[in-house]
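Q: sequence and predicted model, in that order:
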Amino acid sequence: MAEATNRERDLSILRSDLRAFELRVTARLGGLTIFATAIILVALSHLPRAH
């Protein structure tokens with residue numbers, strides 16, 4: 001009985017850690033996406049125009 005309780009506690013800790021990791025990764029990817037988009041837009045604005 002105590003072993004099952006410990007296992008459930010460990011699983012809940014693991015789930016909360018995974019949620020926190022997912023939030024960090026999502027925020028980082030969002031920031032990188034904005035940064036990459038800005039770089040692409042600046043690069044496109046410096047290309048010569050086709051007539």
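A: Thanks, I have it.
Q: give me the number of residues near residue 20?
A: Using other CB atoms under 10 Å, residue 20 has 10 other residues around it. Glycine gets a C-beta too; all of them are placed from N, C-alpha and C.
Q: please, which helix or strand holds it?
A: Take DSSP states H and E as the rule and residue 20 turns out to sit in helix 2-45.
Q: how far does that helix sit from the chain's center?
A: Taking CA atoms, centre = their mean, to the nearest Å, one finds helix 2-45 lying 4 Å from the centre of the chain it belongs to.
Q: so where's this structure shaky on pLDDT?
A: The chain contains residues with pLDDT under 70 at 1, 51.
Q: apply 50 and report the result again.
A: By pLDDT under 50, the chain has no low-scoring segment.
Q: which phi and psi does residue 47 have?
A: The phi/psi pair for residue 47 (degrees, to the nearest 10) reads phi -80, psi 150.
Q: relative to residue 38, how far out is it?
A: 16 Å (CB to CB, to the nearest Å).
Q: out of these two, which sits in the busier spot?
A: Counting neighbours by other CB under 10 Å for residue 47 and for residue 38 shows that residue 38 has the greater number, 10 against 7.
Q: from residue 29, how far out is that one?
A: Distance, residue 38 to residue 29, using CB to CB: 15 Å.
Q: ok, residue 45 next?
A: 25 Å.
Q: neighbour count: these two, which is higher?
A: Neighbour totals were compared for residue 45 and residue 29, and residue 29 leads with 10 against 7 (other CB under 10 Å).
Q: buried residues of stretch 26-35, list them for me.
A: Residues of stretch 26-35 include none that count as buried (16 or more other CB atoms under 10 Å).
Q: could I have that stretch exported to CSV, CA atoms only?
A: Presented in CSV, the C-alpha positions along stretch 26-35 are these (Å, rounded to 0.1, in the frame of the first residue of the first chain):
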residue,chain,number,x,y,z
THR,A,26,7.3,26.6,-25.6
ALA,A,27,8.4,30.0,-24.4
ARG,A,28,11.9,29.6,-25.8
LEU,A,29,10.6,28.3,-29.2
GLY,A,30,8.1,31.3,-29.3
GLY,A,31,11.0,33.7,-28.7
LEU,A,32,13.2,32.0,-31.3
THR,A,33,10.3,32.1,-33.8
ILE,A,34,9.8,35.9,-33.4
PHE,A,35,13.6,36.4,-33.6
